[in-house]
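Student: okay, predicted coordinates and the sequence, questions at the end:
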Amino acid sequence: MAEERTELEERIIIKDQLTKEIDLVNRDPKRINEDVVKVDFEDVIAEPVGTYSFDGVWKTSYTTFTVSKYWCYRLLSAILGIPLAVVWGFLFALISFCHIWAVVPCIKSYLIEIQCVSRIYSLCIHTFCDPLFEALSKICSNVRVALRKEI
């Protein structure tokens, strides 16, 4: 009985991870489109002082712009939203797959190989360069610099 219950709980947990509740009110909780697509009528069309159109034209232009932007977006998202969601889902799945199965193993393999090379490099530096620089430092240790101010 206890095993059946834990199995059921595991299924529920797995189902919850795949069917996460989405917020239908706040659809941009991380604000990734804050500055990008916020375009209002006043951001696109403006009349300077002294060159005003008729008030009716201005109001109708505002309404036409706002309604057409709203319905064009809804129509495009209805037609292309699901296919593009499939494309983006596939792309990010492909990126995740490549990262998990190719990039990370290559990096780990490189780090393992570079440790061997680093030991050989370190051995060569300590064998050849250390004595050379030690000798040069002993030669240069007796050099004295004197600064004189000429008048």
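Tutor: Looks like it arrived, so ask away. Given the structure is predicted, the values throughout are model-derived calculations rather than measurements.
Student: could you use CA atoms for every contact and neighbour count after this?
Tutor: Noted.
Student: now the longest helix along the chain: mean pLDDT?
Tutor: Secondary structure assigned by DSSP state H gives helix 55-98 as the longest helix of the chain. Average pLDDT, helix 55-98: 95.
Student: who does it touch, helix- and strand-wise?
Tutor: helix 41-44 (3 or more CA pairs under 8 Å, 6 or more residues apart in numbering; DSSP states H and E).
Student: following the longest helix of the chain, which helix or strand comes up?
Tutor: helix 104-124 (DSSP states H and E).
Student: okay, now R144: neighbour count?
Tutor: Other residues within reach of R144, judged by other CA atoms under 10 Å, total 7.
Student: what does Y52 give?
Tutor: 11.
Student: how close does it get to K59?
Tutor: Distance of Y52 to K59, computed by CA to CA, to the nearest Å: 12 Å.
Student: so how far is I125 from the residue most central in space within the chain?
Tutor: Nearest to the geometric centre of the chain sits I32, at 11.0 Å (CA atoms, centre = their mean). I32 sits 50 Å away from I125, going by CA to CA.
Student: swap in S109?
Tutor: 24 Å.
Student: next: L94.
Tutor: With CA to CA as the criterion, L94 and I125 are 43 Å apart.
Student: for V104, same thing?
Tutor: Applying CA to CA to V104 and I125 gives a distance of 30 Å.
Student: over to H99?
Tutor: With CA to CA as the criterion, H99 and I125 are 35 Å apart.
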